[in-house]
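> give the three-dimensional model of this entry:
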Amino acid sequence: MVAVGIVFTVLPGSILLVIGGLMLLSVDYPKARRLLAMAQRSMSRGARRLDAALTRRKLNR
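From the prediction side, this is the model:
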């Protein structure tokens with residue numbers, strides 16, 4: 001799942017496959033657990049930035 005997700009990050013597809021693969025691997029591998037936590041923080045930060053940008057855009061209209 002992780003490999004397919006990585007391919008889909010370049011091709012049209014979903015990064016959710018990478019997250020799903022990391023979730024499955026994180027049960028057994030601590031490194032995957034750390035990568036999953038890093039991906040979750042990154043996605044959360046990106047969502048906050050996007051929300052702030054959309055709010056600024058809406059207020060400037």
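
> so which bits of the helix or strand hosting residue 39 are buried?
Taking DSSP states H and E as the criterion, residue 39 maps to helix 30-59. Neighbour counts over helix 30-59 (16 or more other Cβ atoms under 10 Å) mark 32, 35, 36 as buried. From N, CA and C alone the C-beta is placed, and that goes for glycine too.

> need the residues you listed in JSON lines (columns: distance to residue 5).
Output for those, formatted as JSON lines (distance: Cβ to Cβ, whole Å):
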{"residue": "32", "distance to residue 5": "13"}
{"residue": "35", "distance to residue 5": "12"}
{"residue": "36", "distance to residue 5": "12"}
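
> of the residues you listed, which is the nearest to residue 56?
Nearest to residue 56 out of the buried residues of helix 30-59 is residue 36 (Cβ to Cβ; 30.7 Å).

> does the closest one touch residue 20 like I think?
No: between residue 36 and residue 20 there is no contact under Cβ atoms under 8 Å: 10.0 Å.

> just to revisit the earlier point, now do the helix holding residue 39: which elements does it pack against?
With contacts taken as 3 or more Cβ pairs under 8 Å, 6 or more residues apart in numbering; DSSP states H and E, helix 30-59 sits against helix 16-26.

> touching the helix it packs on from outside, list them.
With Cβ atoms under 8 Å, 6 or more residues apart in numbering as the test, helix 16-26 has contacts from 1-6, 8-9, 32-33, 35-36, 39-40, 43.

> which pair in the residues you listed spans the largest distance?
With Cβ to Cβ as the measure, no two of the contacts of helix 16-26 lie farther apart than 8 and 33, at 22.2 Å.

> have a look at the contacts of helix 16-26 and tell me the least confident one.
Of all those, residue 9 has the smallest pLDDT value, namely 67.

> what residues does the helix or strand bottoming out on mean pLDDT in the chain touch?
Every helix and strand of the chain was ranked by mean pLDDT, DSSP states H and E. The lowest is helix 2-10, at a mean of 73. Contacting residues not belonging to helix 2-10 are listed as 13, 14, 15, 16, 17, 18, 19, 20, 21, 22, 25 [Cβ under 8 Å, 6+ apart].
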